[in-house]
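> what shape does this take:
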Amino acid sequence: MNKISSITRRDIFDSIQIGNIDWAGRLDETTFLSRLYDLESLSSTDSRYLNAKGDIWQHRFNNHDWDDDWIFYDSRFNLLDCHDNIFLDFLCHMIHPVVRTDREEVKTILDIFNKILSYDDFEIVEAVHISNRPTFSGRKKFTGKASIEKKGNEIKIIFNADYVSQQINLMESSIETSPYQAIGVAKELIETACKSIFKSRQEEYNKNWDLSKLMRETTKLLKITPDDISNEAKAARSIRQILGSLSAVVQGIAEVRNEYGSGHGKDSEFKGLQPRHAKLAVGASSTLAIYLLETHEMRKDS
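All right, here's what the predicted structure looks like:
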């Protein structure tokens, strides 16, 4: 059952019309729609043409006798009642960098979409970048979002690298829509943090190390292994337990990724994990990455 109501969808359509927003952007309508649908497999409403591609050309280019908002009410595309993901994909394509190049216009349209979608607890967020321009994906808003995004922003600031920003954006945007992908990126984020610490310290790491080994060697490099805590330190036992648990956290994320994440092919009956499991992996990996990176910054000269 769809969670984005027909009321919300109509409100978005009305906003597009009122704002005089060309839904196909700089593309012609058949090119835009061909990015989402196989137009040649959809039926024609005009007996003179074999498929949707033909009658769209006739009525939007040749005669131009369909209204500009025809797409929102055409039963073949069924945007008023299609699956939520299909509807969100349509909106995301409207602000794709191939479709729209004006960054201010993209921001304006995105704000309109998110204001209306918020009533049904959905949102459109940045996913990955193409040529330094964001692409977008839609998702259901999730609890704990603010906390996870705050951690992600901290990591982006520390790394100051486009690749890591893309990892964070992809991880956050996939929690609800593709939990297995979020788990896979969570594991990659820890790998990136560890390897960047080795590189920053001009130390070599073995490319054949698995994640657990890479993590152990990183903690040794930073001198934050349980053995580095003296007996005289306050709460020494508790500190050792926390540090000793780091490897368990990493091992757990690696195993979950191997079983359910994005690193392996899935059979036809694969159902994956739930978003709550992805949130756990994302939250744990983000917290761990921040801890390692902050420790590295504090001990750069050690």
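> where does pLDDT dip in the chain?
Residue ranges of the chain with pLDDT under 70: 142-152, 154-163, 225-240, 243-244, 246-247, 250, 254, 257-273, 301-302.
> so how far is stretch 193-207 from its chain's centroid?
On the basis of CA atoms, centre = their mean, to the nearest Å, stretch 193-207 sits 27 Å off its chain's mean C-alpha point.
> correct me, but residue 4 touches residue 119?
No: using CB atoms under 8 Å, residue 4 is not in contact with residue 119; the gap is 9.4 Å. Backbone N, C-alpha and C define where each C-beta goes, glycine included.
> and the two? Which one has more around it.
A side-by-side neighbour count of residue 4 and residue 119, using other CB atoms under 10 Å, places residue 4 first with 23 against 12.
> helix/strand/coil for that one?
Under the three-state scheme (DSSP: H, G, I helix; E, B strand; the rest coil), residue 4 adopts coil.
> check which helix or strand residue 125 maps to.
strand 122-130 (DSSP states H and E).
> how about that strand: buried residues?
122, 123, 124, 125, 126, 127 (16 or more other CB atoms under 10 Å).
> can you list those in JSON lines and add distance to residue 29?
Shown next, in JSON lines, are the buried residues of strand 122-130 (distance: CB to CB, whole Å):
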{"residue": "122", "distance to residue 29": "25"}
{"residue": "123", "distance to residue 29": "26"}
{"residue": "124", "distance to residue 29": "21"}
{"residue": "125", "distance to residue 29": "26"}
{"residue": "126", "distance to residue 29": "26"}
{"residue": "127", "distance to residue 29": "24"}
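> the strand holding residue 125: how far from the chain's middle?
How far strand 122-130 lies from its chain's middle: 6 Å, per CA atoms, centre = their mean.
> in its sheet, what does the very next helix or strand once past that strand sit against?
Counting by DSSP H and E, the element after strand 122-130 in chain order, helix or strand, is strand 133-140. Sheet pairing here is set by DSSP bridges, and for strand 133-140 it gives strand 122-130 (antiparallel).
> residues making contact with the strand it pairs with?
Outside strand 122-130, the residues that touch it by CB atoms under 8 Å, 6 or more residues apart in numbering are 3-4, 84, 88, 91-92, 95, 97, 110, 113-114, 117, 134-141, 162, 165-166, 169-170, 172-173.
> same check, this time on stretch 29-49
Taking CB under 8 Å, 6+ apart as the rule, stretch 29-49 contacts 23-25, 50-60, 71, 76-77, 86, 89-90, 93, 98-99.
> try 6 Å this time
Applying CB atoms under 6 Å, 6 or more residues apart in numbering, the contact partners of stretch 29-49 are 24, 51, 52, 53, 54, 55, 56, 58, 60, 76.
> neighbour-wise, give me the winner out of these.
Counting neighbours by other CB under 10 Å, residue 56 leads the contacts of stretch 29-49 with 26 neighbours.
> helix or strand for that residue, which one?
Secondary structure assigned from DSSP H and E places residue 56 in helix 52-56.
> domains of the protein?
For the chain, automatic domain parsing gives the domain ranges 6-141, 154-298.
> quick one: the helix or strand encompassing residue 288 to chain centroid distance?
In this assignment (DSSP H and E), residue 288 forms part of helix 275-298. Computed by CA atoms, centre = their mean, the chain-centroid distance of helix 275-298 equals 17 Å.
> tell me the buried residues in that helix?
For helix 275-298, by 16+ other CB under 10 Å, it's 275, 277-286, 288-293, 296.
> and what of stretch 195-203?
Buried, per 16+ other CB under 10 Å, within stretch 195-203: 196, 197, 198.
> one step back: output the helix holding residue 288 as CSV - backbone C-alpha positions only.
Below are the C-alpha coordinates for helix 275-298, written out as CSV (Å, rounded to 0.1, in the frame of the first residue of the first chain):
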residue,chain,number,x,y,z
PRO,A,275,16.0,-0.2,8.1
ARG,A,276,16.5,-0.4,11.9
HIS,A,277,19.4,-2.9,11.3
ALA,A,278,20.9,-0.5,8.8
LYS,A,279,20.6,2.4,11.3
LEU,A,280,22.5,0.3,13.8
ALA,A,281,25.3,-0.4,11.4
VAL,A,282,25.4,3.2,10.1
GLY,A,283,25.3,4.7,13.6
ALA,A,284,28.1,2.3,14.8
SER,A,285,30.4,2.9,11.9
SER,A,286,29.9,6.7,12.0
THR,A,287,30.7,6.8,15.7
LEU,A,288,33.7,4.6,15.3
ALA,A,289,35.0,6.6,12.3
ILE,A,290,34.7,9.9,14.2
TYR,A,291,36.5,8.4,17.2
LEU,A,292,39.4,7.2,15.1
LEU,A,293,39.7,10.4,13.1
GLU,A,294,39.5,12.6,16.2
THR,A,295,42.1,10.5,18.0
HIS,A,296,44.3,10.7,14.9
GLU,A,297,44.0,14.5,14.8
MET,A,298,44.9,14.7,18.5
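> thank you, goodbye.
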